[in-house]
Every structure is written in C-alpha cells, then in structure tokens.
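**Q** Provided below for reference: sequence and predicted model.
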Amino acid sequence: MGTEASIGTRFLLYPQSPTTPGYEKPELVWISARQGSIQPGPQNDRMYVVNPTMPKKHYDYPYLPPFRGAKAAPVEPSPDGHFDHIDPNSRDFLGVHVFGSVARILDIWEGFIGHRINWHFAETYERLEIIPLIDWDNAQSGYGMLEFGYRPTGSGGRDLFALNFDVIAHEIGHSILFSEVGLPPVGVSPTPDLFAFYEGVSDLISLIGMLHFDTAMDRLLRRGSGNLMALNELNRVAELADERQIRIAGNSRKMGDVGFEVHDRSRPFTGAIFDALVQTYHDLAVDRGLVDLPPGSIADARDFDADLERTYARAFEADYDLKHFQLKAALGDARDIIAQGLADSWQRLNSETLTFADAGLAVCAALQAAGHGRVAEGLVECLEWRDIISPYDVHQLWQGRPRPVVWI
Ligand SMILES: [Zn+2]
C-alpha cells in the first residue's frame, strides 16, 4: 500500500453526461475510501456493482434485489487499488462510474452533515445493489437498489444514465433525505409539499455535488466571465446553460405558477436556494474587492431589468482573467455556506407536517446559528419573492426585534 494509503482511491467521473458539450472527458477525483479498501466489483461495505449478462427487467415489487442471475466477472482495481485505469469507453466503466459517483456524493454530504449516512433500507439490506445498465428507458432508486437504463438520442444512440452524475446524485439525494428527514409513519398522509421538497432538495444535492468538480466550476465561471446572473432563465444567455442542474435551479417560478405535480411544485424552493447561493457569491466577491456591484438583492434582479443585467455583466467582465481563481474561491465558499445551511436544516424538520415555508425558514435558522446572518436575511427575501413565505411570516420573524439585528 505504501504511505499514500490514507489519501484515498482514484476514480474518473464525468461531472455531466459526456454528451454535454465541454464535458466529453472525465475528471480524476479522489474518493475517501482508503486505498485498497474497495474490492473487485467494485464493492465495499455499503454497496456493490452487479453486471448481469442476461436480459434483466427492472425491479418492481415483488421482484426485488438481490440479483440472482448470471453476471459478469467483477471489475478489478489496478494493482495499487485504484479504479482510474478503466477505459471510459468500456462496458466495465459504467459500474465503476456509478460506484464512484455515489461514493463522491456521500463524501461531500457526509462532510456537511457531520456523520455517516446510513441507508434508510439498512434493516432489510446491508448494502446498496448497483445495476449500471439494463434495457430500459429509465432509471430508479428503490429499496436497496439503484439501476439505470438509457435515454434514446435523436441520432439513434443511447445516453447512458450510468454516465450521468446528475441522475445518480439526484437518486442518492433521495436516499440521503429518506435517512436524514425520513417519511411520515404509515397511516399519516404526506403533506402536499413533502415529496416536492424531496425532489427539489435532491436537485440541490446534485447541484452542489456538481459544483465540487473543477471542470464544472471553471466552465460555469469562464462562460459568463464570473457572472452567474447570466444564468437567470429570463436572460437569453441562460438558454446556453449546459449543466442540467443550473437549468433547473436558475428558474423564476413562484408558488402561484406551479401545481401539485412534485417536480413542478419543487421549482420555487430550488430557485430560492439557488438565488441565495448567487447572492452569497456576489456578497463575498464584493467584500473581497473583486467586483463592484450596484446595491440591491438578487430577488430585485430576478424582475428582469436589461440595464441591471448589463451593469452586472460589465462589473464581472472587467479584468476577469485576473480574478478567475479568486471568484472561484468565492463561489466555493458560497456553495459551502448554503450546503451547510441545507444540511443543518434537515434535523429541524418534521416529515409529518413539512411545508416549504418550514423548510425555508429552517435553512434560515441554520444559517443564522452558523453565524451567517446576512445570508439568512438574503434567503428570507428570496423565499418571500417566491411566495413561499408571506409578508406576514416575515413580520412574525422580525416582530419585536430591530430587523437587521435578528439575523446577524
Ligand atoms: Zn426525484
């Protein structure tokens, strides 16, 4: 093993589907598992990959894991225990990529949560079974399993979900939330917001995961010269957002614009948290003397104003090449503040009564407790702009206290 064993294990991961322009090459990442601790498969004490060599239907009750049919030989690590030697164009790479992506998401979110995430299905299944490819135009995460098909492309090809970090991260996001927030007891009906909340936060778990890749951070920032307001969906440039997570989170939807379908209903909350992330990035960039921005909040800027857009663009573009790495550090810090607030909010939530207002205010309370009062105050504005909380809720929040002080 040598002295490097504690550094971790190398994998190659695609930050976005390799069919996305600019993401054709995978990035080398380190997984926290000690070098040599991941066995052929790959597999470890929490998950294992199975490559069926016979046609397999997707799991559907009462057909459940484990897979008992014929399977390919497990994929071997390199002699020194890593998995970055597998050819990204090979069949073997699919399972390795899913395994590495799941491990990466767990590494990132366990860091924010501060403890090991135990599978919500741990009483039934010891480990997660990963099936990287079946003949199916869908993907699913269920009790004890994660399995992937593909999306047929217009040109007759296949966009494999096993190579799509966003899909994998979103599915693991659900698992994390089932473990950390949980489900109402049997017999208690879920609130109208509960499953929409899970969809939105799973998208945010994926978004924040994506922002841990250098390739993604560099492309996002360089494309708009550091100006994330260019990703506002009301801005024409946003149509150019290549990252699916940004296309979803950069929305301008308010609660009055959405119905009860869970994905649709999740958009205002996801958008509010994303706006708070952008606002925090702006504030840090201004504090650090990197850009000179007009006063005003991101919520104001959402009400599209072409002059304001140009002002933002000019402020970021000035000497951008000299500021790239410092802006990247500011975005990384903003990402971590928001992610920590989200993770800390989960223990404050009750799955039996959850509403988006509760969920949003729990993030504000967690931010405030962590010493990020200004960020919390910005998020309150974003939640109000989305009609997730009402002026009455805000009044209640400030009641009896001078407004700016409460969040500092
Ligand atoms: Zn989902």
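**A** Thanks, I have the structure now.
**Q** What does residue 260 show for phi and psi?
**A** phi -110, psi 0 (degrees, to the nearest 10).
**Q** excluding its backbone neighbours, what's nearest it?
**A** Leaving aside its chain neighbours, residue 260 sits nearest to residue 192 (6.0 Å; criterion: C-beta to C-beta, 6 or more residues apart in numbering). Glycine gets a C-beta too; all of them are placed from N, C-alpha and C.
**Q** and if you look at residue 109?
**A** residue 176 is the one closest to residue 109 (C-beta to C-beta, 6+ apart), at 5.7 Å.
**Q** Helix or strand: which one has the one you found?
**A** helix 165-180 (DSSP states H and E).
**Q** next structured bit after that helix?
**A** Following helix 165-180 toward the C-terminus (DSSP H and E): helix 194-210.
**Q** Now do the strands in the chain.
**A** In the chain, the strands defined using DSSP state E lie at 9-13, 27-31, 47-49, 128-131, 139-142, 145-148, 150-152, 158-160.
**Q** What separation do you get for residue 324 and residue 219?
**A** As judged by C-beta to C-beta, to the nearest Å, residue 324 and residue 219 stand 12 Å apart.
**Q** And residue 74, by the same measure?
**A** Residue 74 is 34 Å from residue 219, by C-beta to C-beta.
**Q** Same check on residue 167?
**A** 19 Å.
**Q** One more: residue 213?
**A** Taking C-beta to C-beta, one finds residue 213 at 9 Å from residue 219.
**Q** these two touch, right, residue 92 and residue 74?
**A** No. Residue 92 lies out of contact with residue 74 (C-beta atoms under 8 Å); the separation is 9.5 Å.
**Q** Nearest spatial neighbour of residue 66, chain-adjacent residues omitted?
**A** Using C-beta to C-beta, 6+ apart, the closest residue to residue 66 is residue 129 (5.8 Å).
**Q** Quick one, grab the pLDDT at that neighbour.
**A** Residue 129 is assigned a predicted lDDT (pLDDT) of 98.
**Q** For it, name its beta-bridge partners.
**A** Residue 129 has these beta-bridge partners by DSSP bridges: residue 48, residue 145.
**Q** between residue 324 and residue 219, which one's more packed in?
**A** residue 219 (19 against 16; other C-beta atoms under 10 Å).
**Q** How much space separates the more buried one from residue 299?
**A** In terms of C-beta to C-beta, residue 219 sits 27 Å off from residue 299.
**Q** What of residue 11?
**A** Relative to residue 299, and taking C-beta to C-beta, residue 11 is found at 39 Å.
**Q** In terms of neighbours, single out the busier of those two.
**A** residue 11 (25 against 20).
**Q** mind listing what the nearest residue to the more buried one once chain neighbours are set aside touches?
**A** Distances taken as C-beta to C-beta, 6+ apart place residue 100 nearest to residue 11, at 3.3 Å, with adjacent residues excluded. Applying C-beta atoms under 8 Å, 6 or more residues apart in numbering to residue 100 gives the contacts 11-13, 29, 31, 42, 83.
**Q** again with residue 163
**A** So residue 163 contacts 14, 17-18, 94, 97 (C-beta under 8 Å, 6+ apart).
**Q** Looking at those, which one is closest to residue 285?
**A** Closest approach to residue 285 among the contacts of residue 163 (C-beta to C-beta): residue 14, at 28.7 Å.
**Q** Which parts of stretch 6-13 count as buried, going by neighbours?
**A** Buried residues in stretch 6-13, defined by neighbour count with 16 or more other C-beta atoms under 10 Å: 8-13.
**Q** of these, the lowest pLDDT goes to which?
**A** Among the buried residues of stretch 6-13, residue 8 has the lowest pLDDT, at 93.
**Q** next one: the helix holding residue 176 to chain centre, how far?
**A** 8 Å (C-alpha atoms, centre = their mean, to the nearest Å).
**Q** same question, stretch 354-372
**A** Put simply, stretch 354-372 sits 18 Å off its chain's centre (C-alpha atoms, centre = their mean).
**Q** Just the buried positions in that stretch, please.
**A** Applying 16+ other C-beta under 10 Å to stretch 354-372 flags 354-368, 372 as buried.
**Q** do you know how far residue 219 is from residue 294?
**A** On the measure of C-beta to C-beta, residue 219 and residue 294 end up 27 Å apart.
**Q** quick one: low-confidence ranges for the protein?
**A** Along the chain, the parts satisfying pLDDT under 70 run over 1-5, 231-240, 300-302, 304, 395-408.
**Q** any idea which residue sits dead centre in it?
**A** residue 206 (1.8 Å; C-alpha atoms, centre = their mean).
**Q** who's in contact with that residue?
**A** 105, 165-166, 169-170, 173, 245.
**Q** and which of the residues you listed is nearest residue 53?
**A** Closest approach to residue 53 among the contacts of residue 206 (C-beta to C-beta): residue 165, at 26.1 Å.
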